[in-house]
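Asks: one predicted model, sequence on top.
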Amino acid sequence: MVKMLVPYPDKCTGCRFCEMACSLYHEGKVNHGSARLQVHRRDVRTDFPAVCTHCVSCGEECCVLHCPVEAIKNEDGIVRVEESECTACGTCVEVCPFGVMRMEDVAFKCDLCGGDPTCVKFCPMGAIKYEEPKPEQYELVRNLLKEEE
Amino acid sequence: MKGYAGRILKVDLSTGKSSIKTIDEKYARKYLGGQGFAVEIVYHNVPEGADALSPENVLAMAPGLFAGYPVPTGGKTAFAGKSPATNTLAESIMGGSIGAELRHAGYDALEVHGKAEKPVYLFINDDEVEVNEADDLWGKDTRVTPETLKKRHGWDVKVACIGVAGEKLVRMACIDCDDRQSGRAGLGAVMGSKNLKAVVVRGTKDLEPADPGALLEIALRYQKIMEAAPSFIEDTKYGTGEFLGWINKEKGVFPTRNWQESVFKEREQIDPYYWATRYVTKNKACFACTKPCGKLFEVKDGKFAGVVIDGLEYETLYSLGSSCGNASIESVARANEVCDLVGIDTISAGVTIGFAMELIQRGILTEQEVGMKLTWDNAADAVPKMCEMMGNREGFGDVLSEGVKRASEKIGRGSARYAIHTKGMEPPAYDVRGMKGHGLSFMTSTRGACHLRAGFYAPELVGKFWRWEGIDRFSTEGKGEKVATMENFMCVYDSIGLCKFSRGFFLIDKLREVIKAITGLEFTEDELLRTGERIHTMKGNFNVLQGITRKDWLLPPRILEDPIPDGPSKGSKISVEEMNRMLDDYMTFRKWTADGVPTPEKLKELEIA
């Protein structure tokens, strides 16, 4: 089984260290908008990380299904953007149920840091784990995100 | 200039106009960021003798130098202005995410001048700055306000706001962001005096460190070292009150019933070792903190069912707990929630209520005057109620909302004898009669009685810190130099935005390493401490210009005259002679006059104009 990022909202303290480390690792600068995951702190009770689930629980909202030029592919369970084929139309950003598809010149997204995810390393609380995907955890996060709409 | 946004945003609420000034490397080296920038803004913009609640006062907000970068525990934001509680230059540091967001919007500081004609909130959306009407938010608490604004502008905006207390100019009003507070010195009332209900920020710009690779490596290395330290487990399990039992029982310096005692014998429930396993449902962290001491505390049933707070900090367990003789943890939690919602500082609120309770005990005040049974044996019911009355300025709460100094002046009848404060600020949870250097730091703190301007309780309780060993908490020897040095060091901390709970870990060498990775700037140890000295001295000199000198610094009668009655510190007090000796030593080390005035030579040496 391919390992994925699995979010644990009950362990998330809302510190957003993972977000900062993610963008610093990938882009050499810090920006929540270029982090491949997003920490939400909505109210006193609610902190949670929204991560890319690589097709495990996106259903109809899957970026792979909706990309009009088929530039997003699921290869061996890991979803990747073929940059040379991306037309930057923004469809994937719109459909992503977790809000973690990003766009600058072309679309970009979580690539699991080549198998050693930065966010997991930096989180001191175990709020993001790198393990077998757990659809029930993704469902928790989707429900929390729906409350923000 | 790497690391910084390079700009300061100035908003004048009287005209509704905003403007931008750029900052250069010279400015950054001189003031670092955070408290340093905020103090510089207040020092150079607030006229001598200005009323803290007038449009002449300036409210500054500045993210610490590290805020926005992944430095463990380094995400703090400083607020500063002339304090309506103390009339001194006061800063108050918070762990909310508003500062980092401000830097993402492209600013290293915000300065708010003037006064809006009617209630407004400020919306900073990167380069767009709007002053919007806030009639619908006026009167709303510190949870409804951000919720309303987030529904309007998106869940990703960050909101700093005041509650009803700030609107009503309560001198202990705080500023709230993410359920974290800039609590002390009444800066919430400064916001209220400007008719400014909230500051809303969305920042989408990149922050570019000088050496991203080095920063990432440092961040992970330090995070892992912190995670492995015993204090990580303690803070994560029990929060800041972890050492409450030890301070109470082993050291006997846990002020109780308005400092009449120093051991709280009914401590059981307010000790985190009791409540953490029973009430805490989740850990909460400040922005960028990997060592979460915040606790989501929920009361599920009983009289106080429904209470939910990020908190029960050590200080609050004392102020709303032992200081009021309140042994009910659920009552302390409810009182804390009330303080957060109406927006008042829990320390000042609790100490002031404890003061009134002692007056009732002594027959100086009556229950009829106060309008409730404000007695030690009725604390669990009375304390949360009185917090609400203070935040709303209702009934006798109006008198107490002014803090112990002003309240004692209004009450008269010799009540000042029981008012515990320095410079008009109610003290935190350390009985300084049994830790004399910390007592000195209550006097020298530019914002009045404070545990964090020098953070000297730690060296005295543990007996060693940083450069020093064998520190005797009952001795006055060498305390002047040590307290002044710690003040300089802590000014550096508040300027780079590090949490003081990291001060045993992030000593100067590590700070230099992180500063270099973020900004590319190299500092020597002396240079950094001198920067801290500059910031402290500016605050000190500001206070002198308001007429506040040594005569106004002195300790209250209880600390000078009443020895600790019982427990491990029994018999100890700070005599007038000891107080004066420590102050003399302090002034000599700082090269200030005996009256507490920085000399022209000192100001020149520190390049303070």
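Replies: Okay, I see it. Numbers count the residues shown, from 1 in each chain, chains lettered A, B, ... in the order given.

Asks: which residues does the one residue in the stretch 401-550 of chain B that gets nearest to chain A contact?
Replies: Evaluated by CB to the nearest CB, the stretch 401-550 of chain B has B:Ile518 as its residue closest to chain A, separated by 9.9 Å. Heads up, the C-betas are built off the backbone N, CA and C, glycines and all. Going by CB atoms under 8 Å, 6 or more residues apart in numbering or on different chains, B:Ile518 touches B:2-3, B:65-66, B:69, B:71, B:209-210, B:215.

Asks: which ones, among those residues, also lie beside chain A?
Replies: Applying CB under 8 Å from any CB of the partner chain to the contacts of B:Ile518, one finds that B:69, B:209, B:215 fall near chain A.

Asks: got the residues you listed as CSV, with neighbour count columns?
Replies: Below are the ones next to chain A among the contacts of B:Ile518 laid out as CSV (neighbours: other CB atoms under 10 Å in any protein chain shown):
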residue, neighbour count
B:Tyr69, 27
B:Pro209, 24
B:Leu215, 26
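
Asks: so which of these are in helices?
Replies: Among those, the members found in helices (DSSP state H) are B:Leu215.

Asks: still on that earlier bit, how about the contacts of B:Ile518, which pair is most distant?
Replies: Pairwise distances across those (CB to CB) peak at 15.0 Å, for the pair B:Lys2 and B:Val71.

Asks: more neighbours: which of the two?
Replies: B:Val71 (32 against 15; other CB atoms under 10 Å in any protein chain shown).

Asks: next, count neighbours for residue 60.
Replies: In the absence of a named chain, chain A is used. 8.

Asks: ah, I was thinking of chain B
Replies: For B:Ala60, using other CB under 10 Å, the count is 28.

Asks: that one and B:Leu89 touch, don't they?
Replies: No: between B:Ala60 and B:Leu89 there is no contact under CB atoms under 8 Å: 10.2 Å.

Asks: joint contacts of these two?
Replies: Common contacts of B:Ala60 and B:Leu89 (CB under 8 Å, 6+ apart): B:39, B:42, B:80-81.

Asks: from these, which land in strands?
Replies: With DSSP state E as the criterion, strands contain B:80-81 from among the shared contacts of B:Ala60 and B:Leu89.

Asks: rebuild the shared contacts of B:Ala60 and B:Leu89 as TSV, extending it with pLDDT, neighbour count and distance to B:Ser572.
Replies: TSV is the format used below for these (pLDDT from 0 to 100; neighbours: other CB atoms under 10 Å in any protein chain shown; distance: CB to CB, whole Å):
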residue	pLDDT	neighbour count	distance to B:Ser572
B:Val39	98	28	34
B:Val42	98	23	37
B:Ala80	98	35	35
B:Gly81	98	30	36
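
Asks: looking at the shared contacts of B:Ala60 and B:Leu89, which is nearest B:Leu507?
Replies: B:Val39 (22.9 Å).

Asks: chain A versus the closest one, what's the distance?
Replies: For B:Val39, the distance to chain A (CB to the nearest CB, to the nearest Å) stands at 26 Å.

Asks: residue contacts, that residue?
Replies: Going by CB under 8 Å, 6+ apart, B:Val39 touches B:31, B:60, B:80, B:89, B:91, B:535, B:538-539.

Asks: and the stretch 101-250 of chain B, which residues reach chain A?
Replies: Residues of the stretch 101-250 of chain B lying near chain A (CB under 8 Å from any CB): B:104, B:143, B:147, B:150, B:155-156, B:178-179, B:204-209, B:212-213, B:215-216, B:219-220, B:223, B:226-227, B:232.

Asks: quick one: which two of the contacts of B:Val39 are the most distant?
Replies: For those, the maximum inter-member distance is 13.9 Å, found between B:Tyr31 and B:Leu89 (CB to CB).

Asks: which residues of chain A lie near chain B?
Replies: With CB under 8 Å from any CB as the criterion, chain A comes near chain B at residues A:10-11, A:13-17, A:20-21, A:24-25, A:27-34, A:40-45, A:47, A:121-122, A:124-125, A:148.

Asks: just the buried residues from these, in ChimeraX please.
Replies: Those of those that count as buried under 16 or more other CB atoms under 10 Å in any protein chain shown are selected in ChimeraX with:
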select /A:11,13,14,15,16,17,20,21,24,25,27,30,31,32,33,34,40,41,42,44,47,121,122,124,125
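
Asks: which one is the residue of the stretch 401-550 of chain B closest to chain A nearest to, not counting chain neighbours?
Replies: Spatial nearest neighbour of B:Ile518, chain neighbours left out: B:Gly3 (4.1 Å); criterion: CB to CB, 6 or more residues apart in numbering or on different chains.

Asks: quick one, what contacts that neighbour?
Replies: Contacts of B:Gly3 by CB under 8 Å, 6+ apart are B:65, B:69, B:207-210, B:518-520.

Asks: on that earlier part again, mean confidence for the helix or strand containing the residue of the stretch 401-550 of chain B closest to chain A?
Replies: Here B:Ile518, judged by DSSP states H and E, is contained in helix B:508-519. Mean per-residue pLDDT for helix B:508-519: 96.

Asks: having no further points to raise, I will conclude here.
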